[in-house]
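K.L.:
Next come a sequence and a model predicted from it.
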Amino acid sequence: IESLESLLLEVARLDAAAELGYLEDYVRRRRDRGELRWRGSRDVELSDGAGVEGDETFSVGKHKGSLFSEVAESDVDYCRMLERKVSEGQFSRGTALDRQILAFVAFLQSRDSKAAAS
């Protein structure tokens, strides 16, 4: 993003996409085209060379500063607890923590479904 004006325009676009309920699709399309890139949203290379889609950096909570993939490997009990709580309807208030936990659980489910398909 080159200027304050373009930053504000991008924020407005993101806000509109969120308001209309298609923020995830909007961000995915923009990232796929290389138009959106920010720290913590990069794909991580695995030993086999395949990237992990959606591997973000925790910005709040117990694992602040850690990548989703790192937490998935190092704290299995935490992952199971969050998956259970999300399935029970917790983390649905829309706070920053709630959005991050939902993204993490989606990451876990995506990773698990890809592993099962292999």
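P.N.:
Now that the structure is in, tell me what you want to look at.
K.L.:
just checking, what packs against the host helix or strand of residue 19?
P.N.:
Per DSSP states H and E, residue 19 falls inside helix 4-20. Judged by 3 or more CB pairs under 8 Å, 6 or more residues apart in numbering; DSSP states H and E, helix 4-20 is in contact with helix 23-32. (C-beta placed from N, C-alpha, C; glycine too.)
K.L.:
which one is residue 23 nearest to, not counting chain neighbours?
P.N.:
In space, residue 23 comes closest to residue 17 once its chain neighbours are excluded; the distance is 4.5 Å by CB to CB, 6 or more residues apart in numbering.
K.L.:
check contacts around that neighbour.
P.N.:
Residues near residue 17 by CB atoms under 8 Å, 6 or more residues apart in numbering: 23, 25-27.
K.L.:
For the protein, just list every one of the strands.
P.N.:
Assignment of strands within the chain using DSSP state E yields the ranges 44-45, 51-52.
K.L.:
hmm, which helix or strand of the protein has the shakiest average pLDDT?
P.N.:
strand 44-45 (a mean of 39; mean pLDDT, DSSP states H and E).
K.L.:
May I see the buried residues of the biggest helix by length in the chain?
P.N.:
Counting residues, the longest helix found in the chain (DSSP state H) is helix 96-117. Buried residues in helix 96-117, defined by neighbour count with 16 or more other CB atoms under 10 Å: 100-101, 104-105, 107-108, 111.
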